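1. Got a sequence here, can you build the structure:
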Amino acid sequence: MDEESMEEEGGGGGEPMMDDQNHNNWGAGGYGRHLLGSAAGQLGDRFLREAAAGTPAGTELSEANGVLQGCEPGGASCKGGAGAIAAAININASTSKFLMNVITIEDYKSTYWPKLDSAIDQLLTQSPGDYIPISYEQIYSCVYKCVCQQHSEQMYSDLIKKITNHLERVSKELQASPPDLYIERFNVALGQYMGALQSIVPLFIYMNKFYIETKLNRDLRDDLIKLFTEHVAEKHIYNLMPLLLEAQSTPFQITPSTMANIVKGLYTLRPEWVQMAPALFSKFIPNILPPAVESELQEYAAQDQKLQRELMQNGFTRIGQLLGSISLVKDLNQGMHSRGDQSRKRAGEELTYNGSSTCASSRGYR
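-> Sure, this is the predicted structure:
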């Protein structure tokens with residue numbers, strides 16, 4: 001996206017334009033000089049001399065190539081000397097702000113932030129697959145201009161306040177949820193917020209690069225994830241974890257995808273929460289538990305047999321048998337790794353024996 005397309009078009013002055021560090025347009029000789037040019041001082045002195053001398057005729061102002069020039073008296077559109085001076089001053093003052101693209105704090109609060117506020121609202125409340133009728137180019141342009149005009153601090157403060165208020169409402173809604181819907185609603189809130197961050201963070205990337213990373217030495221995404229942790233997850237983790245452990249002990253009480261999303265999400269928010277339920281997290285996060293050792297194979301087998309019995313008691317006979325077979329194979333692979341060569345040798349001998357028997361049978365048949 002070109003920076004020129006983000007800036008409002010200035011006047012058509014003939015002199016070259018330059019940008020300051022805030023991307024404000026300067027004339028070659030100062031703010032608004034390309035409007036009057038070097039003729040400004042001479043033209044004002046001329047008006048004052050003619051007014052003091054009592055010259056009855058006025059002087060006309062005409063604009064040629066962006067420079068106001070004095071005209072001889074007697075033209076059809078001539079004005080009085082004092083009025084022409086006032087007109088020149090008013091033009092200079094009114095166009096300087098336009099040409100500099102100045103965004104005052106009042107402009108920011110009344111025009112720019114309301115656009116950003118509305119877009120953030122839609123992104124925070126959208127459901128997966130929803131169409132959001134907003135212009136990402138327009139929102140990015142608003143952020144860009146506000147950063148260039150030194151409104152980064154105010155914009156960052158407004159963004160944090162906006163999202164904090166939203167998360168506090170989400171937390172209150174979760175508190176009012178019944179236990180049978182608690183896990184599902186937490187999963188929806190977590191997924192919706194993480195999905196919104198995928199749009200919000202890129203839209204504010206200019207503020208993140210030139211204010212948050214440079215002056216605050218932080219990252220916008222990390223700050224917004226921390227907000228969810230503090231205002232939602234921390235307030236509900238001690239209610240959520242017992243429900244997750246109960247759901248784990250009852251197969252298919254909640255969908256596996258829901259359990260996986262929540263566990264992975266909690267680990268992203270705060271890895272230390274693994275200590276609350278290591279066995280649960282280890283089912284979805286690799287390398288949580290210490291590596292298996294041969295001396296504990298019997299304990300692993302006992303745990304698998306216990307799971308098999310629980311499944312069979314709940315009517316999952318075939319699944320229990322299948323898991324038992326899988327656990328047996330896993331234990332053999334882990335415990336008999338040192339005997340792998342011998343196992344392959346025995347398998348080769350059996351294959352040779354079977355092949356020999358088959359050949360003998362074939363010869364006896366013929």
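2. Pro290: what secondary structure?
-> For Pro290, the assignment made with DSSP: H, G, I helix; E, B strand; the rest coil gives coil.
3. From Pro278, how far off is it?
-> Distance of Pro290 to Pro278, given as Cβ to Cβ, to the nearest Å: 10 Å. Backbone N, C-alpha and C define where each C-beta goes, glycine included.
4. Between these two, tell me which one has more neighbours.
-> Pro278 (12 against 9; other Cβ atoms under 10 Å).
5. dump the residue contacts of that one.
-> Pro278 sits next to 288-289 when contact means Cβ atoms under 8 Å, 6 or more residues apart in numbering.
6. The one 3 residues further on now?
-> The contact partners of Phe281, taken as Cβ under 8 Å, 6+ apart, are 263, 267, 273-274, 288.
7. As TSV, the residues you listed with neighbour count would be great.
-> Below are these laid out as TSV (neighbours: other Cβ atoms under 10 Å):
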residue	neighbour count
Val263	21
Tyr267	16
Trp273	18
Val274	17
Ile288	17
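8. From these, pick the one nearest Leu167.
-> Trp273 (18.2 Å; Cβ to Cβ).
9. Check what pLDDT that closest one gets.
-> pLDDT recorded at Trp273 is 95.
10. try Leu181
-> Per-residue confidence at Leu181 stands at 92 (pLDDT).
11. Ala189 too?
-> pLDDT recorded at Ala189 is 96.
12. ditto for Cys142
-> 94.
13. nearest residue to it other than its sequence neighbours?
-> Nearest residue to Cys142, sequence neighbours excluded (Cβ to Cβ, 6 or more residues apart in numbering): Tyr112, at 5.0 Å.
14. how many neighbours does that neighbour have?
-> 19.
15. just Arg270 next, same as before
-> 14.
16. before we move on, what about Tyr300?
-> 16.
17. mind listing what's buried in the helix or strand containing Tyr144?
-> In this assignment (DSSP states H and E), Tyr144 forms part of helix 136-148. Using 16 or more other Cβ atoms under 10 Å as the test for burial, helix 136-148 gives 139-148.
18. Then stretch 216-234?
-> Those would be 220-221, 223-225, 227-229, 231-233, for stretch 216-234 by 16+ other Cβ under 10 Å.
19. I'd like those laid out as JSON lines, including secondary structure and pLDDT.
-> JSON lines is the format used below for the buried residues of stretch 216-234 (DSSP: H, G, I helix; E, B strand; the rest coil; pLDDT from 0 to 100):
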{"residue": "Leu220", "secondary structure": "helix", "pLDDT": "97"}
{"residue": "Arg221", "secondary structure": "helix", "pLDDT": "96"}
{"residue": "Asp223", "secondary structure": "helix", "pLDDT": "97"}
{"residue": "Leu224", "secondary structure": "helix", "pLDDT": "97"}
{"residue": "Ile225", "secondary structure": "helix", "pLDDT": "97"}
{"residue": "Leu227", "secondary structure": "helix", "pLDDT": "97"}
{"residue": "Phe228", "secondary structure": "helix", "pLDDT": "97"}
{"residue": "Thr229", "secondary structure": "helix", "pLDDT": "97"}
{"residue": "His231", "secondary structure": "helix", "pLDDT": "97"}
{"residue": "Val232", "secondary structure": "helix", "pLDDT": "97"}
{"residue": "Ala233", "secondary structure": "helix", "pLDDT": "96"}
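20. Please verify my assumption that Glu168 contacts His231.
-> Yes: with contact defined as Cβ atoms under 8 Å, Glu168 and His231 form a contacting pair (5.8 Å).
21. ranges for the strands of the stretch 201-350 of the chain?
-> In the stretch 201-350 of the chain, no strands are defined using DSSP state E, counting those that start in this stretch.
22. about what we covered before: how about the CA coordinates for the helix holding Tyr144, as CSV?
-> Output in CSV follows, covering the C-alpha atoms of helix 136-148 (Å, rounded to 0.1, in the frame of the first residue of the first chain):
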residue,chain,number,x,y,z
TYR,A,136,-9.4,-3.3,6.2
GLU,A,137,-7.6,-0.7,4.0
GLN,A,138,-9.5,2.1,5.6
ILE,A,139,-8.8,0.9,9.1
TYR,A,140,-5.1,0.5,8.4
SER,A,141,-5.0,4.0,6.9
CYS,A,142,-6.6,5.4,10.0
VAL,A,143,-4.0,3.7,12.2
TYR,A,144,-1.2,4.9,9.9
LYS,A,145,-2.3,8.5,10.0
CYS,A,146,-2.8,8.6,13.7
VAL,A,147,0.7,7.2,14.3
CYS,A,148,2.2,9.7,12.0
